[in-house]
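1. sequence unavailable; structure follows:
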């Protein structure tokens, strides 16, 4: 909310300055007082006001917004706060899983594997599928049955990475 107010304040101040200078006939005429010429100190003070305003609103404020927004954007998906493990899971999902699977929270639109937003798998189902993979026509008694139309190799992601991906997918699937 503060960012919006500061942004609006900048444009209000800038608008008043443009209006004031326009009405008075420009910056030099704005400094003139009827009957006497503006002083050197007054012109110099006005120049400093312009410089400080430009630096504050044109450089410092945008830099602060960009830095603050970067931290907020990486910490959540669609308003859902992510833990450090889930953030890692999102990155790994994007690298290893996003080509085949659709998941809105990862901006993935794969067409081979199942749409994870539709099936909303649990963490255990995701871990099971990552560990065993899936085959379209698995042998009887096999744990490699698939939910999608493609074939997924086992151990695409292993260890803690697999757990992080499973946590991420189970938390955000179908939430956007």
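-> That came through fine. Bear in mind that the values here come from a model prediction, so they are computed numbers and not experimental data. Numbering: from 1, shown residues only.
2. so this structure: which segments form each domain?
-> Segmentation of the chain into domains, based on automatic domain parsing, reads 2-74, 77-172.
3. can you redo those domains as TSV with mean pLDDT?
-> Shown next, in TSV, are the domains of the chain (pLDDT from 0 to 100):
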stretch	mean pLDDT
domain 2-74	71
domain 77-172	84
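4. pick the most deeply packed of the ones you listed.
-> The highest mean neighbour count among the domains of the chain, using mean count of other CB atoms under 10 Å, belongs to domain 77-172: a mean of 17. C-beta: built from backbone N, CA, C; applies to glycine.
5. quick one: whichever strand or helix holds residue 166 to chain centroid distance?
-> Using DSSP states H and E, residue 166 falls within helix 159-172. In terms of CA atoms, centre = their mean, to the nearest Å, the centre of helix 159-172 is found 20 Å from the chain centre.
6. so which residues make contact with that helix?
-> 77-78, 80, 82-83, 85-90, 92-93, 96-97, 103-106, 116, 121-124, 126-127, 130-131, 155, 157 (CB atoms under 8 Å, 6 or more residues apart in numbering).
7. switch the cut-off to 6 Å
-> 77, 80, 85-86, 88-90, 92-93, 105, 116, 122-123, 126-127, 130, 157 (CB atoms under 6 Å, 6 or more residues apart in numbering).
8. where do the strands sit along this protein?
-> 76-77, 80-81, 102-103, 108-109 (DSSP state E).
9. turn the ones you listed into CSV, including distance to residue 50.
-> Shown next, in CSV, are the strands of the chain (distance: least, CB to CB, whole Å):
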stretch, distance to residue 50
strand 76-77, 39
strand 80-81, 42
strand 102-103, 49
strand 108-109, 48
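10. of all those, which one is nearest residue 174?
-> strand 102-103 (9.2 Å; CB to CB).
11. now for that closest one, which elements pack on it?
-> Judged by 3 or more CB pairs under 6 Å, 6 or more residues apart in numbering; DSSP states H and E, strand 102-103 is in contact with no other helix or strand.
12. please redo it, this time with the cut-off set to 10 Å
-> helix 84-96, strand 108-109, helix 116-119, helix 159-172 (3 or more CB pairs under 10 Å, 6 or more residues apart in numbering; DSSP states H and E).
13. among those, which is nearest residue 13?
-> helix 84-96 (38.4 Å).
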